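Novice: Sequence below, structure please.
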Amino acid sequence: MSLFLELYQQHRARSGNTAGRGQLAPMDVEDLERRTEALTLACQALWEILREELNLSDAAILKKMEEVDLRDGALDGRMTADVTACPSCRRSNKASRPHCIYCGEPLPAMRAVK
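Specialist: Below you'll find the model as predicted:
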């Protein structure tokens, strides 16, 4: 958990600095690479725990990854911060969420058009 807290704190510290946006200094690139490696390591460890403790298959994780990827309407390997309204309480939620954070109702799953 401390990794995520550290990433959040670094983001907050940098969010006020808008000078030089669009250009990454070598130090920023190294920091991004370090964070990417740390997140990759965390994801691998979590997946191994799930596989060992719950006997989940690689196919199950790939299926869930595709489901999550499609929540924004595009099978593109990314999650976007699109917003959707809850059909029950009409409050705004990230489109990537399966349930409303306010009332708990299922949110409509967006699917990619093929």
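
Novice: Which strands and helices lie in contact with the one helix or strand A60 maps to?
Specialist: Using DSSP states H and E, A60 sits in helix 58-70. Where contact means 3 or more CB pairs under 8 Å, 6 or more residues apart in numbering; DSSP states H and E, helix 58-70 is packed against helix 26-54. C-betas here are computed from N, CA, C, even on glycine.

Novice: re earlier: return the set of buried residues in the helix holding A60.
Specialist: 69-70 (16 or more other CB atoms under 10 Å).

Novice: Now do the same for the very next helix or strand once past that helix: mean pLDDT, whole number.
Specialist: The first helix or strand that comes after helix 58-70 along the chain, using DSSP H and E, is strand 83-85. Mean per-residue pLDDT for strand 83-85: 84.

Novice: neighbouring contacts of the helix or strand just after strand 83-85?
Specialist: For strand 83-85, the following helix or strand on the C-terminal side (DSSP H and E) is strand 92-94. With CB atoms under 8 Å, 6 or more residues apart in numbering as the contact definition, strand 92-94 has outside contacts at 81-86, 100-102, 107.

Novice: how much space between P108 and E33?
Specialist: P108 is 37 Å from E33, where distance means CB to CB, to the nearest Å.

Novice: tell me the contacts of the residue nearest the centre of the chain?
Specialist: Closest residue to the average C-alpha location of the chain: M79 at 6.0 Å, with CA atoms, centre = their mean. Applying CB under 8 Å, 6+ apart to M79 gives the contacts 68-69, 71-72, 96.

Novice: Let me know the closest of these to A60.
Specialist: Comparing the contacts of M79 against A60 with CB to CB places V68 closest, at 12.7 Å.

Novice: residue contacts, that closest one?
Specialist: Neighbouring residues of V68 by CB under 8 Å, 6+ apart: 79, 96.

Novice: mind checking pLDDT for it?
Specialist: V68 carries a pLDDT value of 84.

Novice: how much space between it and G104?
Specialist: Taken as CB to CB, the span from V68 to G104 is 19 Å.

Novice: next one: E33
Specialist: Using CB to CB, we find E33 at a distance of 39 Å from G104.
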